[in-house]
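Q: A structural model of the following input is requested.
(chains A and B)
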Amino acid sequence: MEVPILKQGLYLIASIQAALSDVDLVHLRDALAEKVGKFRARGVIVDVTVLDVMDSFASRTLRDLAHMTRLRGAETVIVGIQPEVAFAMVQLGLTLEGVDTALDLEEGLAFLDKKTKRRTSRG
Amino acid sequence: MASEAIILINSDIDVVAARQKGRELATMLGFVSTDSTLLATAISELARNIVRYAKHGEISIMPVQSGDRVGITVVARDKGPGIANMSLAMQDGFSTSGGLGLGLPGVKRLMDEFHLVSDVNTGTTVTIKKWKR
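A: Numbers count the residues shown, from 1 in each chain, chains lettered A, B, ... in the order given. Next comes the predicted model:
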């Protein structure tokens, strides 16, 4: 099941619609890394609100995704991790270290606005 | 009471199927939502280990009853390479502490009971249990 990626201004928004297999997740990671260049995006939002399980593979792939897009010049923020999913992740020791997160899509957009603005004004 | 479900694990798609089956049973038995999530996550990790290390195996998910307690037992079984060093496998591997990175200590934390049997010749069986609160 492919994840739709929407372009919204300088940002790409990937909104996960259903449970994803490992292959789907890897595909999403690679598609976003590529599209950051194609659309000259400055930010990426991955909305995981519908995911009811975030296991070690999903966490690692999302972390890789965030690091890959950062190397391509775009900031990534993961939004919508459910409280129960967060609890299970912490029990498993999956903390998504070095990855930005926000409560939901709205907060994610606000976060990127602040972060990319800061980058622009500094650069 | 619901009966046992056996899911054959042969690819990453089966990982999703197995954990959805676990959540389904947990919901049916009236588990609180948090515990259903913990169980589904644990099943996901065990199924993932089968795909990664043994390629093929199976996961059975069954309701259990003990007195007036109701729970779910999950058995993940494979005939893969087995685990040579069990104590190393039970060390936390997500940090730099040198575990095998099988995620088994994490799975144990998610569950009420955890039992690991493995032999380099016969494969690995992990049995986990979660009681309804």
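Q: please enumerate the strands of the chain.
A: Using chain A here. Ranges of strands in chain A, per DSSP state E, are A:5-8, A:11-15, A:43-47, A:75-79, A:100-102.
Q: that's the other chain; I wanted chain B
A: Using DSSP E, strands in chain B cover B:5-9, B:57-66, B:69-78, B:113-119, B:123-131.
Q: buried residues, the first one. List them.
A: So that's strand B:5-9. Neighbour-count burial for strand B:5-9 flags B:5, B:7, B:9 (criterion: 16 or more other Cβ atoms under 10 Å in any protein chain shown). Just so you know, the C-beta spots here come from the backbone N, C-alpha and C atoms, and that holds for glycine as well.
Q: follow-up on the earlier one: mind putting the strands of chain B into a markdown table with mean pLDDT and distance to chain A?
A: Output for those, formatted as a markdown table (pLDDT from 0 to 100; distance: least, Cβ to the nearest Cβ, whole Å):
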| stretch | mean pLDDT | distance to chain A |
| --- | --- | --- |
| strand B:5-9 | 97 | 13 |
| strand B:57-66 | 97 | 14 |
| strand B:69-78 | 97 | 14 |
| strand B:113-119 | 94 | 13 |
| strand B:123-131 | 97 | 12 |
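Q: turn those into CSV, including distance to residue B:18.
A: Formatted as CSV, the strands of chain B follow (distance: least, Cβ to Cβ, whole Å):
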stretch, distance to residue B:18
strand B:5-9, 4
strand B:57-66, 5
strand B:69-78, 9
strand B:113-119, 17
strand B:123-131, 13
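Q: compare these and report which one is nearest to residue B:89.
A: Closest of those to residue B:89 is strand B:113-119, at 7.3 Å (criterion: Cβ to Cβ).
Q: residues in contact with the residue nearest to residue B:7 when sequence neighbours are not counted?
A: Leaving aside its sequence neighbours, residue B:7 sits nearest to residue B:18 (Cβ to Cβ, 6 or more residues apart in numbering or on different chains; 4.5 Å). Residues near residue B:18 by Cβ atoms under 8 Å, 6 or more residues apart in numbering or on different chains: B:7, B:9, B:43-44, B:47, B:59, B:61.
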